[in-house]
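Q: Predicted model, plus sequence, below.
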Amino acid sequence: MESLISIQSLSLVLLLLGIGLAFSRIRLSGWVLGWILLSGALLLQGFRSMLGYFSEHGGLDATAYTAANDWMGLGFSLLIVASMHMMRAVFAAHRLADETLHVVSAAAEDAIIMMDNTGTVAAWNEAAQRIFGYSEQEAQGKKLSELIVPERYRADFEQGFSPSGCAPRGPATSKPMELAGLRKGGTEIVTEYTLSRLNIDRRWHVIYIVRDITERKLAEDEIHWLNQSLEQKVMEGTRELKRSNEELEAFSYSVAHDLRTPLRSINGFSAILAAEHASALDATAQDYLQRIRAATGRMGDVLDDLQALAYASRTELQRHAIDLSAIASEVAASLRERAPQRRVEFVIAPGMVASADPGLMRIALENLFGNAWKFTSKREIAKIEFGLTTAEGEQTYFVRDNGIGFDPAFSGKLFGQFQRLHADKEYEGTGIGLAIVARVIRRHDGQIWAEGAVEQGATFYFTLA
């Protein structure tokens, strides 16, 4: 009887504990609920035994005993069935989880390896076998560091990534990292891995997820080598181009300088011939002489522009805060003095200040205003505007005129040397002015472009870095 009371007391304690947990905020698993139901069944069975004892010793009416015993028997059966069903569900859930884990592990492209708290392999999927060459039977129970880590990295691996070493510190899952891996047979590969820690039965385990990135690293190394090779070739090409441009600019400057002396001689002697011996020349000879003088004048303009182009390319850039509006006003006044009979309206926005080389920017504005002045010459009332706007979020200057404009199809020729869209008889020029402007703007790390249409004027935009 004493042993029966002890079992009954234990069952009662278990039942009361289970009921207390059921009403607490602690989540209960199906396994715990099953044990609670089983404890209740044992408690009922204990009560039945006690009722039988009292019935045998005359302490309980036979009819009452029979009724109570039947109901308790029914309750006992129901609790046993419920507890078995609950535990069966738990076993089924565990089995499904195991099967799901096995399927996912088998289908994974990455190696999934579990290390136990001693650093040995506890789980090894098919991808791990494919990547490292070891079967699951060969890998299980082996030290992971000795199995797949090259010897020179093993000490660091065991110190930094073993379960006992990494469990108390850091995040539960590491960021992807690279490490050399060792295949069966000694071949080294490059791997990318992450580590996840978990606690099983109060012992730390590590899930090691590995991806073979050897081919990717080889491709990256090849791309890096190609990029370095390309950069080297570009640098060599740039140096060669710079050297060629410097030689060409030096040649242009030298030619422009050296041709001035014979050009001055031709112009001087032709002037003397026209002044002192014009009476000895017939009309045809005088026409030839006039053509010679006009040609030498145009050649002088070309030499001036070539020297200006060389200056724009070779002079050292001296940036200052300059008032572009003031420079533009001075250029406009100079053009008015050159042809006071023309009716030209200049519209110059005030207060346009920029960090730029004052000498080079004066050359650029002289050529832009001169270009607009030339191509508005056939307008009864010409208009030339210099202002500031915004293009694609960047501060942009512009020079706009109401002149003859240009065909947008030929806009690519505007900034080339000796590129002209009109004949000399229509508009004089050397075809170098806009090339000088482009060179100045590029020296300031800016951009220049033009928009226009035939007989609808033209607008030249430029930026300064």
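A: Looks like it arrived, so ask away.

Q: Arg400 belongs to a strand, doesn't it?
A: Yes: residue state for Arg400 (DSSP: H, G, I helix; E, B strand; the rest coil) corresponds to a strand.

Q: And it, what's its pLDDT?
A: pLDDT for Arg400: 96.

Q: Can I get stretch 346-363 in PDB? Just the C-alpha atoms.
A: The C-alpha trace of stretch 346-363 is given here as PDB (Å, rounded to 0.1, in the frame of the first residue of the first chain):
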ATOM      1  CA  PHE A 346      24.300  92.100 -76.500                       C
ATOM      2  CA  VAL A 347      22.500  90.500 -73.600                       C
ATOM      3  CA  ILE A 348      25.100  89.500 -70.900                       C
ATOM      4  CA  ALA A 349      23.800  88.100 -67.600                       C
ATOM      5  CA  PRO A 350      25.500  89.900 -64.600                       C
ATOM      6  CA  GLY A 351      27.500  88.300 -61.800                       C
ATOM      7  CA  MET A 352      28.700  85.100 -63.600                       C
ATOM      8  CA  VAL A 353      31.800  84.200 -61.500                       C
ATOM      9  CA  ALA A 354      33.800  81.000 -62.200                       C
ATOM     10  CA  SER A 355      37.100  79.500 -61.000                       C
ATOM     11  CA  ALA A 356      39.100  79.500 -64.300                       C
ATOM     12  CA  ASP A 357      42.200  80.700 -66.000                       C
ATOM     13  CA  PRO A 358      41.500  84.400 -66.900                       C
ATOM     14  CA  GLY A 359      43.700  84.500 -70.000                       C
ATOM     15  CA  LEU A 360      42.400  81.300 -71.500                       C
ATOM     16  CA  MET A 361      38.700  82.100 -70.800                       C
ATOM     17  CA  ARG A 362      39.200  85.500 -72.500                       C
ATOM     18  CA  ILE A 363      40.500  83.700 -75.600                       C
END
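
Q: List the buried residues of that stretch.
A: Neighbour counts over stretch 346-363 (16 or more other Cβ atoms under 10 Å) mark Phe346, Ile348, Met352, Ala354, Ala356, Asp357, Pro358, Leu360, Met361, Arg362, Ile363 as buried. Any C-beta I mention is one placed from the backbone N, CA and C, and that applies to glycine too.

Q: Can you list which of those residues are found in strands?
A: Counted as lying in strands by DSSP state E, out of the buried residues of stretch 346-363, are Phe346, Ile348, Ala354, Ala356.

Q: for those, which one is nearest Glu455?
A: Glu455 lies nearest to Phe346 out of these, by Cβ to Cβ, at 21.4 Å.

Q: Report the beta-bridge partners for that closest one.
A: For Phe346, the beta-bridge partners under DSSP bridges are Ile384.

Q: Distance of it relative to Ala364?
A: Distance, Phe346 to Ala364, by Cβ to Cβ, to the nearest Å: 17 Å.

Q: returning to that earlier point: same list (the buried residues of stretch 346-363) but as a markdown table, adding distance to Thr238 and pLDDT.
A: As requested, the buried residues of stretch 346-363 are arranged in a markdown table below (distance: Cβ to Cβ, whole Å; pLDDT from 0 to 100):
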| residue | distance to Thr238 | pLDDT |
| --- | --- | --- |
| Phe346 | 41 | 95 |
| Ile348 | 38 | 96 |
| Met352 | 34 | 95 |
| Ala354 | 28 | 95 |
| Ala356 | 25 | 94 |
| Asp357 | 23 | 91 |
| Pro358 | 29 | 91 |
| Leu360 | 23 | 89 |
| Met361 | 26 | 93 |
| Arg362 | 30 | 91 |
| Ile363 | 26 | 89 |
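
Q: That concludes my questions; thank you for your assistance.
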